[in-house]
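Asks: What follows is a predicted structure for the sequence shown.
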Amino acid sequence: MKTLFLGLLFLIISPLFLISQTPDYYKLYMDTTGSNSVLYRGNAPVNYHFKHEGSYYIFDENFQKGEVFFNGRRYTGILINLNSHTDELIVKIPESISTVIANKTFVQKFNFHGKLFINFSSKKKGAPQAGYYELLYGGRDTLMKKIRKVYIEQIPQGGSGSIVRIFRTDESYHIYSSGVWKSAYKKRDLLKIYSKQRREIVKHLKEAGADFSINKEQAFIEVVKFAEKLNQAAR
């Protein structure tokens, strides 16, 4: 009887003993992340559990160290990536494979892959929808670039075989000039925005060697900067 009693007592005490020895994982997490812990409080990102072509991330699957301005504070050396399908900044928790979505309400901007992204929002007429944009030029005129990963499904010809799932890259440029927002996808759209300076711009592009077919982004920057100078000189 005494042996049975001691056995029951051991069964009751053992779990309590194990619980008392279990590490405080929340404290461990807080100690690891330190002052950055607020940045890591977010929802888990969507998992894409299907085979697909292309990437839903802006450039590739690799997380890179970046600089994030979050809730008025600057965080450096943070491993981040941008999901351009859902337009979410994904942050990797240190010493872990886990990731969280940075609360967009508190993200002002971030540097990533040597590029500056801003959390844009404006109620001005014609302004692009709110979200993360790469800031290419910010003077009197503003030039932003948006990269979206559009999900599409293709049915094989003849209707046989598996559906092909693809993330396609869609790029657009957004210019703020003379108090108005305009969107452009190619050279023709951009020259239409600056139609009054078209002749001077075309001449300048040839002299500068800016080629839309080789480096569209740099050509867009060249046009906006030059058009801004022409507008200032005309005032």
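Replies: Right, received. Where do you want to start? Numbers count the residues shown, from 1 in each chain.

Asks: Point out where this structure drops to low pLDDT.
Replies: Applying pLDDT under 70 to the chain flags residues 1-36, 158-160, 234-235.

Asks: what about the helices in it?
Replies: 2-21, 25-33, 187-193, 198-208, 216-234 (DSSP state H).

Asks: which helices and strands does the shortest one pack with?
Replies: To tie it back to what came earlier, the one meant is helix 187-193. Applying 3 or more CB pairs under 8 Å, 6 or more residues apart in numbering; DSSP states H and E, one finds that helix 187-193 contacts strand 164-177, strand 180-184, helix 198-208, helix 216-234. C-beta here means a position set from N, CA and C on the backbone, and glycine is covered the same way.

Asks: ok, 7 Å please
Replies: When contacts are defined as 3 or more CB pairs under 7 Å, 6 or more residues apart in numbering; DSSP states H and E, helix 187-193 packs onto strand 180-184.

Asks: Note down every partner strand of the strand it packs on and its orientation.
Replies: strand 164-177 (antiparallel) (DSSP bridges).

Asks: Please list the outside residues in contact with the strand it pairs with.
Replies: For strand 164-177, contacts defined as CB atoms under 7 Å, 6 or more residues apart in numbering pick out 50-56, 85, 128, 141-154, 181-185, 193, 220, 224.

Asks: Would you list the buried entries among the residues you listed?
Replies: Listed as buried from these are 55-56, 85, 128, 141-147, 149, 181-182, 184, 193, 220, 224; burial here means 16 or more other CB atoms under 10 Å.

Asks: Can you give me every residue that contacts residue 225?
Replies: residue 137.

Asks: from memory residue 155 sits against residue 161, does it?
Replies: No: using CB atoms under 7 Å, residue 155 is not in contact with residue 161; the gap is 8.5 Å.

Asks: Tell me how far the residue nearest to the spatial centre of the chain lies from residue 49.
Replies: The centroid of the chain falls nearest to residue 82 when counting by CA atoms, centre = their mean (3.2 Å). Residue 82 sits 21 Å away from residue 49 when distances are taken as CB to CB, to the nearest Å.

Asks: Lovely, talk soon.
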